[in-house]
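**Q** could you work out the structure for the sequence below:
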Amino acid sequence: MKILVIEDEIKLANAIRRALELQKYTVDVAYNGTNGLDLATGEKFDVIILDIMLPGTDGLEICRQVRREKIHTPILVLTAKGQVSDRVAGLDNGADDYLVKPFSFEELFARVRALTRRPPLTEATVLQVGDLTLDPVNFHVRRANKEIYLSTKEFAILEYLMRHKNNVISKEKIVEYVWNYEADVLPSTVEVHVKHLRDKIDRSFHKQLIHTVRGFGYEIRG
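**A** Numbers count the residues shown, from 1 in each chain. Below you'll find the predicted structure:
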């Protein structure tokens, strides 16, 4: 899953990023409202974690703009302790939940999990291709009833391919989804991760699911 953190306190933003990455999320960070709004409306995310008080465009305006664009990504707003009006305003402008600063990472993780249990109607909670299933909320992958253990990047690549099953996905698109937008990742890095993923997903099973389309990218089909 891919999460956008919009927070101008750099130490806090980076701490949130590191904590979420340890939970196997892919995380992009924007340190001001202007860049945050550009990312929120221009990229696809599973959750947006949004501070209210931001330089550039404030958090409430980001909420409004995101919802005006018919983007239904769950939004978790971060508010100062005791600022009830901020919480109410955030919810009234399209946020789905709020978290009061200072907060524990355990509570942050719990709220993110709760929000990801409310997927868009067009997306299934558990993804399936043939006899392969992936639970993006609980990070479980199974094939033919056998549990498969993946690295963070392998899981993110597989999730992205399964969300776009029967479609060819370029290496560039995989980099954009799996690594944050600041990362300098070569196509060969994607190839290495896909090879490791195939070793776990396909090698021990009778049918290949992940296919290479030469000159274009990868496709998963059952």
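**Q** may I see the buried residues of the helix or strand bottoming out on mean pLDDT in the chain?
**A** Within the chain, no helix or strand scores below helix 84-92, which has a mean of 75 by mean pLDDT, DSSP states H and E. The neighbour-count check on helix 84-92 (16 or more other Cβ atoms under 10 Å) flags 86, 87, 89, 90 as buried. All C-beta atoms are positioned from the backbone trio N, CA, C, and that covers glycine.
**Q** tell me which element the residue nearest to the third one when sequence neighbours are not counted falls in.
**A** Meaning residue 89. Closest residue in space to residue 89, ignoring its immediate chain neighbours: residue 60 at 5.7 Å, by Cβ to Cβ, 6 or more residues apart in numbering. Residue 60 belongs to helix 59-68 when assigned by DSSP states H and E.
**Q** next, the buried residues of the helix or strand that that helix is followed by.
**A** Counting by DSSP H and E, the next helix or strand C-terminal to helix 59-68 is strand 75-79. Neighbour-count burial for strand 75-79, with 16+ other Cβ under 10 Å as criterion, is recorded at 75, 76, 77, 78, 79.
**Q** identify the farthest-apart pair in those residues.
**A** Maximum pairwise distance in those, criterion Cβ to Cβ, is 12.4 Å, between 75 and 79.
**Q** and the lengthiest helix in the chain, what does it pack onto?
**A** The longest helix of the chain (DSSP state H) is helix 187-201. For helix 187-201, the elements it packs on are helix 152-163, helix 171-178, strand 210-213, judged by 3 or more Cβ pairs under 8 Å, 6 or more residues apart in numbering; DSSP states H and E.
**Q** note down every partner strand of the shortest one and its orientation.
**A** Strand 210-213 has its sheet partners listed here by DSSP bridges as strand 217-220 (antiparallel).
**Q** can I get the strand it pairs with as CSV, trimmed to CA atoms?
**A** Output in CSV follows, covering the C-alpha atoms of strand 217-220 (Å, rounded to 0.1, in the frame of the first residue of the first chain):
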residue,chain,number,x,y,z
GLY,A,217,6.9,-4.6,-18.7
TYR,A,218,5.0,-7.3,-16.7
GLU,A,219,1.6,-8.8,-16.6
ILE,A,220,-0.1,-11.0,-14.0
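**Q** tell me the confidence at residue 148?
**A** Looking at residue 148, its pLDDT reads 94.
**Q** about what we covered before: turn the buried residues of helix 84-92 into JSON lines, columns for distance to residue 202.
**A** Below are the buried residues of helix 84-92 laid out as JSON lines (distance: Cβ to Cβ, whole Å):
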{"residue": "86", "distance to residue 202": "49"}
{"residue": "87", "distance to residue 202": "48"}
{"residue": "89", "distance to residue 202": "50"}
{"residue": "90", "distance to residue 202": "45"}
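**Q** which residues touch the residue most central in space within the chain?
**A** Nearest to the geometric centre of the chain sits residue 2, at 1.3 Å (Cα atoms, centre = their mean). Contact analysis of residue 2 by Cβ atoms under 8 Å, 6 or more residues apart in numbering lists 25, 26, 27, 28, 44, 45, 46, 156, 177.
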